[in-house]
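Student: Provided below for reference: sequence and predicted model.
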2 protein chains.
Amino acid sequence: MRKEIEIFERYLKTKNLNLTKERKLILDQVFSIDGHLEADEIFLRLKKDKKDVSRATVYRTLGLLVDSGLVRKVYLGEDHIHYEHTFGHTHHDHLVCIKCGKVIEFSDKKIERLQAKICQKSRFQEISHTVQIFGYCKDCR
Amino acid sequence: MRKEIEIFERYLKTKNLNLTKERKLILDQVFSIDGHLEADEIFLRLKKDKKDVSRATVYRTLGLLVDSGLVRKVYLGEDHIHYEHTFGHTHHDHLVCIKCGKVIEFSDKKIERLQAKICQKSRFQEISHTVQIFGYCKDCR
DNA sequence: GTTTAGATTGAGACTAAATCTCATAGAGGA
DNA sequence: TCCTCTATGAGATTTAGTCTCAATCTAAAC
């Protein structure tokens, strides 16, 4: 059994929730997509596969996945939320091209350390962070 | 005449647009609020002052203000966009408390420099960036 | 195997943010 | 003044996301 299912099930247990057929379908779909995804995309892909799950359940389950830490929300400058799986991926942030929409991932340990320092200074307990740099990618500038 | 009006008017000129009564009212309102604001807040404040401007015009003008560089959008983890004026403020980013909603501003030259370096590496031309650190503030942790 | 309490779901109503439409009004140049 | 283009408001529309509630499922207790 894949690791992310195990983690999800363990998380659900702690909340007295069950790993249902629908939740498993959504988890599978989420982890089958590499990169950034939208709630509605999950809904439509499942529909196409004739594995209908209601929109409400998709949103509910994505919430659970975020809470479990397997997935996180990212804001990419559009008018709706994107999700990405964090499990199996090292943490990273984003360069977002405001012309073609391309998203380039990057990560920088030094920036993370500086952020931690800032939190310390304000006695702020960091749970997560996102960095987005908006601009023009090398093909669009 | 205040500097931000001048800048806005100059920007509008370059687009062959006019600084109308409504646009001025919205600009004034935006710059009278210190901190983060929402589109609807502007709409309601103007309504209260009996300076009715339609919602459509508020949204349209906020868009222009963002394009002009006087204002920027920020994502604070809620389900709608916030705005803040950049003119007259040094650039900063945000610590967002996920319990009480408080937003603490910070800025760090070292982080900015590292971000610039990352953009260089990808030949990415930065226009703007936002950093949000989500977690618990010192009163909520 | 029954019972039972609580979890889960889907369908569709609902909400809220934001955008669009379009008729009317206004502004500015020739 | 005329003409073109800009601007606005009212309200319809769109879209993401949430909520409701009746019906169903689950799992533990008996």
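Tutor: Nice, thanks for sending it over.
Student: Next, the contact list for A:Lys48, please.
Tutor: The contact partners of A:Lys48, taken as C-beta atoms under 8 Å, 6 or more residues apart in numbering or on different chains, number zero. The C-beta positions use only the backbone N, C-alpha and C, and glycine is treated the same way.
Student: Show me which residues of chain A are close to chain B?
Tutor: When proximity is defined as C-beta under 8 Å from any C-beta of the partner chain, chain A approaches chain B at A:75, A:77, A:79, A:95, A:97-98, A:104, A:106, A:108, A:110-111, A:114-115, A:118-119, A:122-138, A:141.
Student: host element of the spatially closest residue to A:Thr61 that is not a sequence neighbour?
Tutor: In this structure, A:Thr61 finds its nearest non-sequential neighbour in A:Ile26, 4.4 Å apart by C-beta to C-beta, 6 or more residues apart in numbering or on different chains. In this structure, A:Ile26 sits in helix A:21-32 according to DSSP states H and E.
Student: Pull out the buried residues from the helix or strand following that helix.
Tutor: Per DSSP H and E, the first helix or strand lying C-terminal to helix A:21-32 is helix A:39-48. Within helix A:39-48, the residues scored as buried using 16 or more other C-beta atoms under 10 Å in any protein chain shown are A:Ala39, A:Glu41, A:Ile42, A:Phe43, A:Arg45, A:Leu46.
Student: quick one: A:Leu25 and A:Arg45 touch, right?
Tutor: No - counting by C-beta atoms under 8 Å, A:Arg45 is not a contact partner of A:Leu25; they are 10.0 Å apart.
Student: excluding its backbone neighbours, what's nearest the spatially most central residue of chain A?
Tutor: The centroid of chain A falls nearest to A:Glu84 when counting by C-alpha atoms, centre = their mean (2.6 Å). Of all residues not flanking A:Glu84 in the chain, A:His36 sits nearest, at 5.2 Å (C-beta to C-beta, 6+ apart).
Student: what do you get for A:Gly88?
Tutor: A:Glu4 is the one closest to A:Gly88 (C-beta to C-beta, 6+ apart), at 7.3 Å.
Student: mind listing what A:Leu25 touches?
Tutor: Taking C-beta under 8 Å, 6+ apart, one finds A:Leu46, A:Lys51, A:Val53 in contact with A:Leu25.
Student: Could you find the lowest-pLDDT member of the residues you listed?
Tutor: Within those, pLDDT reaches its minimum at A:Lys51, with 89.
Student: what residues are up against that one?
Tutor: A:Leu25.
Student: thinking A:Glu4 is in contact with A:Phe31, fair?
Tutor: Yes - judged on C-beta under 8 Å, A:Glu4 makes contact with A:Phe31 at a distance of 5.7 Å.
Student: Need the residues touching each of these two.
Tutor: A:His85, A:Phe87.
Student: follow-up on the earlier one: which SS class is the residue nearest to A:Gly88?
Tutor: Here A:Glu4 is recorded as helix under DSSP: H, G, I helix; E, B strand; the rest coil.
Student: What does the pLDDT read for it?
Tutor: For A:Glu4, the predicted pLDDT is 90.
Student: Distance check, it against DNA strand C.
Tutor: 17 Å (C-beta to the nearest atom of the strand, to the nearest Å).
Student: Could you tell me which of the residues of chain A next to chain B belong to helices?
Tutor: By the criterion of DSSP state H, membership of the residues of chain A next to chain B in helices covers A:Lys110, A:Ile111, A:Leu114, A:Gln115, A:Ile118, A:Cys119.
Student: Using PyMOL, make a named selection holding only the buried ones among the residues you listed.
Tutor: The PyMOL command for the buried members of these (criterion: 16+ other C-beta under 10 Å) is given here:
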select buried, chain A and resi 111+114+115+118+119
